[in-house]
Structure formats: structure tokens, C-alpha cells
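Student: compute the structure for the input listed below.
(2 chains)
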Amino acid sequence: MTINPDLQGRSYPAAEVYDVGREKIREFARAVKATHPAHFDVDAAQALGHSDLVAPPTFAIIVAQRADAQLIADPEAGIDFTRVVHADQRFIHHRPIFAGDRLVAELHVDGVRAMGGGAMITTRAEIFALTGDGTDAREAVATTTSSILVRGEGQ
Amino acid sequence: MSRSINELTEGQDIGSRTIAVTRTDLVKYAGASGDFNPIHWNEAFATGVELPGVIAHGMFTMGAAVQLVTDWAGDPAAVVDYQTRFTKPVLVTDTTGTPEPGATVEVSGAIGKLDAEAGTARIDLTVVAAGQKVLMKAQAVVRLS
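Tutor: This next block holds a predicted model:
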């Protein structure tokens, strides 16, 4: 299987909305062994000046990987998910993610380069929160960048 | 609650912690994150794609390692930028039914850089499993008061 070099520069528009729930923040926080009360206790989060529970620093990966799934599932991309290894990851938070946020992600394929029989693919998800009911007004929440190595045979 | 830049110096240690990891932890992370790649929970599948065994999600290790920074900062919202490279997989052996962890991850952190103008501290994390650094350039930028 070969990776389509024409992927570079491709974008996938924001698709489904991700509703950030309190229990999902708590579940994710437990899964990364976080114990800070701002992830679990609304009063503790509000005592720090926040509107609601604060998501852990890597929570945005849920939304980013849903956006990535569009690329991985794209038959034109030629990516075998079972041979994908995560190479690097970055989260830039323009503001924290809170319970109650309604998030959307735009995916951009910033780089594709052949490595052995495989390829290194760099994607960027621009994550926004919808700010009004029924309108498309939104504010920037996070920019995540990720490189995945799709291993070729024997890699 | 957040840290003041005046009380900090570059090179200062922010502490360390040990994270015990089991196969159950990987299943929990898979469910919480939505990343169900079988290399993180199915031994036969993992070895069938030329991995040494079941490995932790890189994002599990990255997500667990930053808790040292979150707790030090006093507010998870203070972590404004966090990045790493995944250099070695964390192999998690099957210890189901025993109290033993399947892997142990050691995390320590130090202040790599203070930026008085931006009001931030960059924390450099050292993350080791089985004697090898599993994350490289693991850096978290914390907003200070």
C-alpha cells in the first residue's frame, strides 16, 4: 500500500459537533490518571475562575483524532490504520476547553513525506467552539498538530 | 493558585512521579479517547504487525506525564502549550490478575525557560520506561500569574 503524495495541502472541513460533557471530562481525566479537582468538581473549577469543569491538557486529542479519522478513512489516502504509529503531537491552547463547549475541528494535511516503504504525515486540526445557538459564530480554542508514521512492510 | 514568576528560576526541579500502567489502563484510555487501535490491547494483533507486544497509546503516556505539570501549576488551564515526540514505545506486559503493573513510567520535570515578557515558564519533562526515554522534547508551557 502506498501513501498518496497528493494528500499534502488537502483540508477536511469541520464535520460533526463534539459536545463536551462533564462526565466525559471526568472519564478522560481518570484515564490519564489526573487528580486535579478542577477536572471533577464544578465548585473547585469555579473557585479558579472557570465557568465549568476544565478539560485536561490533552483532551483535545479526542476531537483531533475524530478529524484525523476522516483522512485515515479516505480511500484516496491509502493509509493502513493498523500500521500507524504516532510520531509527535502538540497542543496549543488559545483558551481552555470547558464542559458545555460545542467543538468543531477543521483538518489540514500540512506534510506528506516518504520514509522507507512508508510515509510520515503531518496534520493540523484547528478546533473552534461554536458561540451561539443556530449561528456559525465561533472562537478559536486549540490548534493541534500531529505526525503519524505509516510503517511500510518490515518497518 | 497559579505560580508567580518571581519565585522561580531556570533549572529548578518541579518534582517527579511514578506511573504504574496496566493493560486495564490501556483499555480505559481506549474507551475515554476513542482510540481503539488493537495494537494497544490485543497481543496477537500487536505481534502480528511486527511490534514487540501490546504498547501504550503515545497519547496515554503524554496525557499522564503532564499531570505533574498540572498539579505543580495549580490550575490545568495554565498549560497553554504542550508537545512531545514519541521515540520509544512503552511495552505493557499482561499482568492481569496480579497486583503488578505491566509497565512503570517515571516522570520528572524542571523549568527549562522562563519568559518574563510572555509571563510563562517552559517545563521540560523527562519520561522514562524500562530504562529508556520514551518521550523526547516533552515540553509544557505554563502561564504564570
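Student: whichever strand or helix holds residue A:122 pairs with which strands?
Tutor: Taking DSSP states H and E as the definition, one finds residue A:122 inside strand A:118-130. In the sheet, strand A:118-130 lines up against strand A:102-115 (antiparallel), strand A:138-150 (antiparallel) (DSSP bridges).
Student: distance to residue B:50, mean neighbour count and mean pLDDT added to these, as JSON lines?
Tutor: Placement of C-beta: from N, CA and C, glycine included. As requested, those are exported to JSON lines (distance: least, CB to CB, whole Å; neighbours: other CB atoms under 10 Å in any protein chain shown; pLDDT from 0 to 100):
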{"stretch": "strand A:102-115", "distance to residue B:50": "16", "mean neighbour count": "18", "mean pLDDT": "94"}
{"stretch": "strand A:138-150", "distance to residue B:50": "13", "mean neighbour count": "20", "mean pLDDT": "96"}
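Student: using CSV, lay out these together with distance to residue B:126.
Tutor: Output for the strands paired with strand A:118-130, formatted as CSV (distance: least, CB to CB, whole Å):
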stretch, distance to residue B:126
strand A:102-115, 27
strand A:138-150, 21
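Student: how about residue B:31, phi and psi?
Tutor: Residue B:31 adopts backbone torsions of phi -70, psi -40, taken as degrees, to the nearest 10.
Student: repeat that for residue B:18.
Tutor: phi -110, psi 130.
Student: right, and it touches residue B:108 too?
Tutor: No. If you go by CB atoms under 8 Å, residue B:18 and residue B:108 don't touch, sitting 9.9 Å apart.
Student: who has more neighbours out of those two?
Tutor: residue B:108 (17 against 10; other CB atoms under 10 Å in any protein chain shown).
Student: quick one: secondary structure of that one?
Tutor: strand (DSSP: H, G, I helix; E, B strand; the rest coil).
Student: report the contact partners of it.
Tutor: Residues near residue B:108 by CB atoms under 8 Å, 6 or more residues apart in numbering or on different chains: B:13, B:15-16, B:68, B:125-126.
Student: partner residues bridging it?
Tutor: residue B:16, residue B:126.
Student: and it, how far from residue A:89?
Tutor: Noted for residue B:108: a distance of 20 Å to residue A:89, by CB to CB, to the nearest Å.
Student: and for residue A:124?
Tutor: From residue A:124 over to residue A:89 (counting by CB to CB), the distance is 11 Å.
Student: any residues in contact with both of those two?
Tutor: Counting by CB under 8 Å, 6+ apart, the residues touching both residue A:124 and residue A:89 are A:144-146.
Student: just those now: which is nearest residue A:35?
Tutor: Relative to residue A:35, the closest of the shared contacts of residue A:124 and residue A:89 is residue A:144; by CB to CB it sits at 23.9 Å.
Student: ignoring the adjacent residues along the chain, who's closest to residue B:63?
Tutor: residue A:32 (3.5 Å; CB to CB, 6 or more residues apart in numbering or on different chains).
Student: contacting residues for the one you found?
Tutor: A:56, A:58, B:29, B:32, B:60, B:63-64, B:66-67.
Student: okay if I get the residues you listed as JSON lines plus pLDDT and neighbour count?
Tutor: Formatted as JSON lines, these follow (pLDDT from 0 to 100; neighbours: other CB atoms under 10 Å in any protein chain shown):
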{"residue": "A:56", "pLDDT": "98", "neighbour count": "27"}
{"residue": "A:58", "pLDDT": "98", "neighbour count": "25"}
{"residue": "B:29", "pLDDT": "98", "neighbour count": "26"}
{"residue": "B:32", "pLDDT": "98", "neighbour count": "21"}
{"residue": "B:60", "pLDDT": "98", "neighbour count": "28"}
{"residue": "B:63", "pLDDT": "98", "neighbour count": "26"}
{"residue": "B:64", "pLDDT": "98", "neighbour count": "24"}
{"residue": "B:66", "pLDDT": "98", "neighbour count": "28"}
{"residue": "B:67", "pLDDT": "98", "neighbour count": "22"}
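Student: now do the residue nearest to the spatial centre of chain B, the pLDDT please.
Tutor: A centroid search over chain B (CA atoms, centre = their mean) returns residue B:65, at 2.3 Å, as the residue closest to the centre. Residue B:65 carries a pLDDT score of 98 in this model.
Student: and for the one 3 residues further on?
Tutor: Model confidence at residue B:68, expressed as pLDDT, equals 98.
Student: burial count for residue 123?
Tutor: No chain in the question, so chain A it is. Residue A:123, neighbours per other CB under 10 Å, totals 25.
Student: wrong one, I was asking about chain B
Tutor: Neighbours around residue B:123, by other CB under 10 Å: 24.
Student: find the nearest non-adjacent residue to residue 22, please.
Tutor: This is for chain A. residue A:99 (4.4 Å).
Student: meant chain B actually
Tutor: residue B:102 (5.0 Å).
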